[in-house]
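sequence unavailable; structure follows:
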């Protein structure tokens, strides 16, 4: 969100749309790749919707063409889009990967989660006590 706010203050709306569209298409492609990998590695798990593998493979062929064309035609926009995605890496390491966090960090993350839930009306906030694993 902070990166988007900075881009909105510095650049124009057209540039922001280009950054976000590149990020969206990159995430869509990675999701389809994940679908194919799961179909290959875990073929027996329950799937409420199952499609022929030709559809995601065809989608990936077009996706790769468009992504390569975007990287060729606007490398700076794509690079900034990748930088925006990479801003989530520290958040992942602080929130998910780092298991033995000090209690003050856990309290901070819990309060930020509770605040975000209240702000966005996403989930009824259950603030008060963190569950230990």
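Alright, I've got the coordinates. Keep in mind that this is a model prediction, so the values were computed, not measured.

can you pull up the most central residue in this structure?
residue 27 (6.7 Å; CA atoms, centre = their mean).

so it, which of the three states?
Using DSSP: H, G, I helix; E, B strand; the rest coil, the structure places residue 27 in helix.

tell me which helix or strand comes right after whichever strand or helix holds residue 24.
Assigned by DSSP states H and E, residue 24 falls within helix 13-41. Sequence-wise, the next helix or strand downstream of helix 13-41 (DSSP H and E) is helix 54-73.

who are the packing partners of that following helix?
Contact here means 3 or more CB pairs under 8 Å, 6 or more residues apart in numbering; DSSP states H and E; on that basis helix 54-73 packs against helix 13-41, helix 75-86. (C-beta placed from N, C-alpha, C; glycine too.)

in a markdown table: these, plus mean pLDDT and distance to residue 112.
Formatted as a markdown table, those follow (pLDDT from 0 to 100; distance: least, CB to CB, whole Å):
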| stretch | mean pLDDT | distance to residue 112 |
| --- | --- | --- |
| helix 13-41 | 85 | 23 |
| helix 75-86 | 85 | 20 |
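
kindly reformat these as a markdown table containing distance to residue 94.
Output for these, formatted as a markdown table (distance: least, CB to CB, whole Å):
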| stretch | distance to residue 94 |
| --- | --- |
| helix 13-41 | 21 |
| helix 75-86 | 14 |
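
and residue 67, which of the ones you listed is closest to it?
helix 13-41 (6.4 Å; CB to CB).

so what's the gap between the closest one and the chain middle?
9 Å (CA atoms, centre = their mean, to the nearest Å).

how big is the angle separating it from helix 75-86?
60 degrees (axes from the mean of the first three to the mean of the last three CA atoms, to 10 degrees).
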